[in-house]
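Engineer: Build me a structure from this.
(one chain, ligands or ions: 1)
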Amino acid sequence: MQNKFKICALVAALASATSALAAGEASNVIFFLGDGMGPTTITASRIYKYGEAGALNMEALKRTARIKTYSKDAQTTDSAPSMAAYMTGVKMNNEVLSMSADTSAYNGTTPYVSGANSTCPATGNGTAVSTLLELSKAAGKAVGAVTTTRITHATPAATYAHICHRDGENDIAAQVVPGSGKFNSALGSGVDVLLGGGSKFFIPTTTTGGKRTDGQDLTALLKTAGYTYVNTGTAFNSINPATTSKLVGLFNLDHLNYELDRVKNSVDEPSLADMTEKAIKILSKNSKGYFLMVEGGRIDHALHGTNAKRALEDTIAFDDAIKRALSLADLKNTLIVVTADHDHTMTINGYSHKGNPILGKVTDITQTTVQGKRVLAKAADSLPYTALVFGNGGGPRKATRDDLTSVDTAADDYLQEVGVVLGSAGSETHGGGDVMLMSTGAGNATFKGTMVNTKVFGLVKSALGL
Ligand SMILES: [Zn+2]
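Structural biologist: Numbers count the residues shown, from 1 in each chain. A predicted model of the protein is given here:
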């Protein structure tokens with residue numbers, strides 16, 4: 001009898017331990033996404049800011065994994081299915097946002113979009129799949145999305161919207177606004193904090209810069225739904241997170257400025273670190289925890305333009321936001337994940353001396369200095385070349401390479417050389433290589449090895465006990 005009692009007590013104790021595990025180790029998740037922040041961009045940003053032997057804040061995170069990013073139909077993904085894979089666990093086609101795998105972004109060869117309006121058929125082209133943000137909201141948590149791009153752009157949209165083509169940004173905006181007629185009811189009372197750019201998709205064409213063709217002013221509907229709405233950095237700074245629970249900040253008609261320009265021109269937009277801090281302070285008031293997505297979105301845009309300097313500056317700003325979050329979050333109950341949605345084609349060339357500026361020209365380590373100056377390495381055409389170049393990019397094909405001998409390749413607007421020239425209307429493409437994932441805090445133990453991007457969804461979901 002006594003033994004039987006002991007066994008019963010043991011079973012009860014095991015059951016209680018199991019249910020504690022099922023509840024999840026993390027109450028809170030902060031999911032950081034550096035758009036296009038491939039491994040080389042991380043290395044170049046580290047050298048740019050902290051030197052070869054230094055470390056970014058994200059590199060101090062406890063655990064590292066390697067992520068395969070291909071989409072359902074493409075070897076090289078675009079941002080939509082890659083972020084959606086993290087958010088939903090489903091592999092979908094390029095351009096598709098948080099829809100089932102059978103969803104097509106094209107009707108034959110015609111994209112399901114007209115201007116900024118979606119033309120996705122209402123039925124017969126896939127169904128919405130739940131996102132981590134929606135699941136968190138349903139569990140009673142506070143939720144938020146913060147970005148430097150338009151809040152309707154692919155990465156933030158993948159957290160809260162479902163659409164067969166990412167370019168239907170008028171419809172994406174309507175999905176996040178209660179009372180718009182297209183509100184995504186899976187968001188319950190709505191996304192608690194939304195910060196970024198893209199107000200043009202929230203205001204009608206009758207207002208300067210507005211793109212909405214349905215005449216709606218979604219900013220007015222947001223206020224009706226109980227949101228505080230701000231559109232300048234100054235107004236944002238005056239928001240008291242202790243007395244604010246629902247906040248939308250759209251600080252630009254389009255994307256926010258690149259960090260380099262925001263600082264240089266004293267633009268009245270908040271930094272990504274400041275937006276991250278305010279979001280955490282508002283969301284963490286919820287006793288059931290929170291889910292927050294933070295995107296460094298313009299890293300990708302600068303890389304598409306083969307403007308390495310702005311990409312590195314935006315990566316540093318993204319890394320500073322991670323540092324801010326680490327200073328605010330309690331890692332005993334908060335999981336922090338930092339990753340990218342895809343790579344780009346930037347690479348680091350040559351054998352420059354250690355300490356040579358990463359935006360500079362490659363120096364020849366085999367040569368001694370001449371009159372105190374390092375000798376530049378030369379290509380077959382006897383001309384110098386930069387450490388950073390791109391595998392492809394826009395611009396006209398040149399008969400001969402530019403002589404960079406007296407060019408300041410660290411200037412703000414210098415565009416790196418490219419291998420394959422895609423033409424004047426072209427834009428550097430994403431890279432198909434794997435990306436890094438770094439994590440720390442509650443429930444990070446499983447984020448290791450090489451895994452497909454869809455697996456990350458399940459790991460975050462388990463960490464949250466959802
Ligand atoms: Zn992307």
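
Engineer: Could you report the separation of the residue of the stretch 1-150 of the chain found nearest the ion from residue 95?
Structural biologist: Relative to the ion, the nearest point of the stretch 1-150 of the chain is residue 79 (2.9 Å; Cβ to the ion). Where C-beta positions appear, they are placed from N, C-alpha and C, glycine not excepted. Going from residue 79 to residue 95 by Cβ to Cβ, to the nearest Å gives 9 Å.

Engineer: Quick check: neighbours shared by those two?
Structural biologist: Common neighbours of residue 79 and residue 95, using Cβ atoms under 8 Å, 6 or more residues apart in numbering, are residue 166.

Engineer: hmm, back to that, need phi/psi at the residue of the stretch 1-150 of the chain closest to the ion.
Structural biologist: Backbone dihedrals for residue 79, given as degrees, to the nearest 10, come out at phi -70, psi -30.

Engineer: what's near enough to touch it?
Structural biologist: Residues counted as contacts of residue 79 (Cβ under 8 Å, 6+ apart) are 35, 36, 153, 154, 155, 166, 300, 341, 342.

Engineer: Quick check, pLDDT for residue 425.
Structural biologist: Here the pLDDT value assigned to residue 425 is 85.

Engineer: ok, now residue 108?
Structural biologist: Value listed for residue 108 in the pLDDT field: 95.

Engineer: Might you report the residue contacts of it?
Structural biologist: No contacts exist for residue 108 under Cβ under 8 Å, 6+ apart.

Engineer: how many neighbours does the nearest residue to residue 25 once chain neighbours are set aside have?
Structural biologist: Excluding its sequence neighbours, the residue lying closest to residue 25 (Cβ to Cβ, 6 or more residues apart in numbering) is residue 443, at 3.9 Å. Look at residue 443: counted by other Cβ atoms under 10 Å, it has 21 neighbours.

Engineer: Hmm, residue 334 and residue 443 touching each other?
Structural biologist: No. Residue 443 lies out of contact with residue 334 (Cβ atoms under 8 Å); the separation is 9.3 Å.

Engineer: Return every residue with contacts to both of those two.
Structural biologist: Counting by Cβ under 8 Å, 6+ apart, the residues touching both residue 443 and residue 334 are residue 26.

Engineer: Spell out which residues belonging to the chain are near the ion, please.
Structural biologist: Residues of the chain found near the ion (Cβ under 5 Å from the ion) are 35, 36, 79, 300, 341.

Engineer: helix/strand/coil for the nearest residue to residue 102 once chain neighbours are set aside?
Structural biologist: Ranked by Cβ to Cβ, 6+ apart and with sequence neighbours excluded, the top spatial neighbour of residue 102 is residue 126, at 5.1 Å. For residue 126, the assignment made with DSSP: H, G, I helix; E, B strand; the rest coil gives coil.

Engineer: Residue 126: what's it in contact with?
Structural biologist: Applying Cβ under 8 Å, 6+ apart, the residues near residue 126 are 96, 99, 100, 101, 102, 103, 104, 164.

Engineer: so can I have CSV of the residues of the chain next to the ion showing secondary structure and pLDDT?
Structural biologist: Converted to CSV, the residues of the chain next to the ion look like this (DSSP: H, G, I helix; E, B strand; the rest coil; pLDDT from 0 to 100):
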residue, secondary structure, pLDDT
35, coil, 98
36, coil, 98
79, helix, 97
300, helix, 98
341, coil, 98
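
Engineer: Looking at those residues, state which has the most neighbours.
Structural biologist: Of those, with other Cβ under 10 Å as the count, residue 341 tops at 31 neighbours.

Engineer: Can you name the helix or strand that the residue found closest to that one once you drop the neighbours it is linked to in the chain falls in?
Structural biologist: Nearest non-adjacent residue to residue 341, counting by Cβ to Cβ, 6+ apart: residue 82, 3.8 Å away. Counting by DSSP states H and E, the element that carries residue 82 is helix 79-88.
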